[in-house]
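**Student:** build me a model:
(one chain, ligands or ions: 1)
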Amino acid sequence: MAEKIVLAYSGGLDTSVAVKWLQETRGFDVITLTVDLGGQLDLEAIRQRALAAGAIATRFEDQRRAFLERFCWRALRAGALYQDQYPLATALGRPLIAERLVGVAREEGATWVAHGSTGKGNDQVRFDVAVQALAPKLRVLAPLRDGMAMTREEEIAYARQHGIPVTVKPASPYSIDENLWGRSIEAGDLEDATHEAPEDAFAWTRPLTETPEPAETVEIAFETGTPVALDGKVLEAVALVEDLNRRGGLHGVGRIDMIEDRFVGIKSREVYEAPAAVILHLAHRALEELVLEGEGAGFKRQVAQEYARLVYQGKWFSAHRASLDAYVASTQVVVEGTVRIALHRGTARVAGRKSRYSLYRPQLATYSSGDEFDHAAARGFITLVGLPLRTQALVQGVDGRPPQAD
Ligand code: ARG
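**Tutor:** Reported below is the predicted structural model:
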């Protein structure tokens, strides 16, 4: 009896050809698994194509809510932005898809799982490492990396020859991955890093010239660091993120253009659209500025970098991530309140924040009347802060100059 393999299936050309290739050249019974994380999927067309390509069974799962609640919200609370910019949409989606590959493999008695990543990117690492972590004995195959090696033209010819219905649009010049947390765009004209990204790379965000006047303000409510409502209306995760993606996109908010350090060592020019993620990170951070004491907030920024690196490098299912989550959760107890964000001409800016846990005290900060800050205490405080440097200057001198007798 043929061995079963569960393939993460998007319905695109690469994975459609992979279904047939796995069957024909490797002798597998192929089960396709399509996981909806918020990409625009035509389910019936995807199912028909999988079957035409020779799949013995097709599976579909809507994991949008789990994706946001278990993955994106954690990254948001942690403040995880890779290289201080990329909100990690693709990187956060992979471990969930891997988890479901493992789940379906167990249900179907499959000994292998497969995915459509190439041998140059981060995604192969994320899939493979996540599967290893969840099911060390399950074997993983990535046809595009592990032997299939066809050009786009060869794939189209192969599909035609095997009766796989592929709608060959004029080749999109880009490689695109999208989910609710963002849209990742690579390759094609973007490989020339000396130029601005062409307008046709974008699908969610308007160009600045088409953004409306005036600004639009959105009020986001957080509880324990998690967004729960927009403009006073409680929303569940998917609706909340969809709404912010739409409104942010309308104002051209959420475009990111960066040179990214891939885990495999390559520098790559990457473009993203992530209106909701950008707005939520900004708002969450504004709220933390208000409620977290400064020293702890500084340490949390270091944790944010570590969290982003770990997610980017595919180590979601690690004890290290769980430990960082526990730390982050302990900081989020007071991250409750509302933040107003103005969306305007390609930017999102903080337009007000409020929390019952706010540490901001106008009576301490004010330069006007009603000042409660103890100015006399400042003098003594500074005398002691300066004590070690005064002593050093007297005994050793400073900056290459000898000690000063006076
Ligand atoms: N560079 C990003 C990352 O590593 C996005 C990868 C997107 N994948 C794609 N097929 N376009 O997370």
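**Student:** contact residues of the stretch 151-300 of the chain facing the ligand?
**Tutor:** S175, I176, D177, S184, E186, E260, E270 (Cβ under 6 Å from any ligand atom). C-beta here means a position set from N, CA and C on the backbone, and glycine is covered the same way.
**Student:** scan those residues and report the most crowded one.
**Tutor:** Highest neighbour count within these: S184, with 24 neighbours (other Cβ atoms under 10 Å).
**Student:** quick one: name the residues of the stretch 1-150 of the chain near the ligand.
**Tutor:** T90, A91, N122, D123.
**Student:** which strand or helix spans Y158?
**Tutor:** Assessed by DSSP states H and E, Y158 sits inside helix 152-161.
**Student:** export that helix as CSV, just CAs?
**Tutor:** In CSV, the C-alpha atoms belonging to helix 152-161 read as follows (Å, rounded to 0.1, in the frame of the first residue of the first chain):
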residue,chain,number,x,y,z
ARG,A,152,7.6,28.1,-14.1
GLU,A,153,7.3,27.2,-17.8
GLU,A,154,8.0,23.5,-17.0
GLU,A,155,5.5,23.5,-14.3
ILE,A,156,2.8,24.9,-16.6
ALA,A,157,3.7,22.3,-19.3
TYR,A,158,3.6,19.6,-16.6
ALA,A,159,0.2,20.7,-15.3
ARG,A,160,-1.3,20.8,-18.9
GLN,A,161,0.1,17.4,-19.7
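**Student:** in it, what's buried?
**Tutor:** The neighbour-count check on helix 152-161 (16 or more other Cβ atoms under 10 Å) flags E155, I156, Y158, A159 as buried.
**Student:** pull the most distant pair out of those.
**Tutor:** The span of the buried residues of helix 152-161, defined through Cβ to Cβ, is set by I156 and Y158 at 7.3 Å.
**Student:** which one's the longest helix in the protein?
**Tutor:** Scanning the chain for the helix with the most residues, using DSSP state H, yields helix 375-396.
**Student:** pLDDT on it, on average?
**Tutor:** Average pLDDT, helix 375-396: 94.
**Student:** chain center to it: distance?
**Tutor:** Between the mean C-alpha location of helix 375-396 and the chain-wide mean there is a distance of 46 Å, by Cα atoms, centre = their mean, to the nearest Å.
**Student:** how about stretch 319-327?
**Tutor:** On Cα atoms, centre = their mean, the centre of stretch 319-327 falls 17 Å from that of its chain.
**Student:** A342: neighbour count?
**Tutor:** A342: 16 surrounding residues under other Cβ under 10 Å.
**Student:** and what of V333?
**Tutor:** By other Cβ under 10 Å, 11 other residues sit near V333.
**Student:** got phi/psi on the closest residue to it other than its chain neighbours?
**Tutor:** Take V333 and drop its neighbours on the chain: the residue closest to it by Cβ to Cβ, 6 or more residues apart in numbering is T224, 6.2 Å away. Here is the backbone geometry of T224 (degrees, to the nearest 10): phi 40, psi 50.
**Student:** can you list contacts of the lowest-mean-pLDDT helix or strand in the chain?
**Tutor:** Using mean pLDDT, DSSP states H and E, the weakest-scoring helix or strand in the chain turns out to be helix 362-365, at a mean of 87. For helix 362-365, the external contacting residues (Cβ atoms under 8 Å, 6 or more residues apart in numbering) are G370, D371, E372, F373.
**Student:** sorry, back to before: can you pull the contacts of the residue nearest to V333?
**Tutor:** Residues near T224 by Cβ under 8 Å, 6+ apart: A329, Q332, V333, V335, E336.
**Student:** hang on, Y86 packs against Y272?
**Tutor:** Yes: in this structure, Y86 is within contact of Y272 by Cβ atoms under 8 Å, at 6.2 Å.
**Student:** by proximity to the ligand, which residue of the stretch 201-350 of the chain wins?
**Tutor:** Nearest residue of the stretch 201-350 of the chain to the ligand, counting by Cβ to the nearest ligand atom: E270, 4.9 Å away.
**Student:** secondary structure element for that residue?
**Tutor:** strand 267-273.
**Student:** and the next helix or strand past that strand?
**Tutor:** Using DSSP H and E, the next helix or strand after strand 267-273 towards the C-terminus is helix 275-291.
**Student:** packing partners of that next one?
**Tutor:** Under the contact criterion of 3 or more Cβ pairs under 8 Å, 6 or more residues apart in numbering; DSSP states H and E, helix 275-291 touches helix 73-78, strand 216-223, strand 226-230, helix 237-250, helix 294-312, strand 337-344, strand 347-354.
**Student:** so what are the sheet partners of the second one and their directions?
**Tutor:** Strand 216-223 has these partner strands in its sheet, going by DSSP bridges: strand 226-230 (antiparallel), strand 337-344 (antiparallel).
**Student:** so how far is the shortest one from its chain's centroid?
**Tutor:** Pointing back at strand 226-230 there. 18 Å.
**Student:** what's next to the helix or strand following it, contact-wise?
**Tutor:** Moving toward the C-terminus from strand 226-230, the next helix or strand (DSSP H and E) is strand 233-234. With contact meaning Cβ under 8 Å, 6+ apart, strand 233-234 is reached by V228.
**Student:** give me the mean pLDDT for strand 233-234.
**Tutor:** Confidence for strand 233-234, expressed as mean pLDDT, is 98.
**Student:** and what of stretch 141-150?
**Tutor:** Mean per-residue pLDDT for stretch 141-150: 94.
**Student:** where does the prediction get shaky in the stretch 1-150 of the chain?
**Tutor:** Within the stretch 1-150 of the chain, no range satisfies pLDDT under 70.
**Student:** do that again at 90, thanks
**Tutor:** Residues of the stretch 1-150 of the chain that meet the criterion pLDDT under 90 lie in 1, 39-42, 149.
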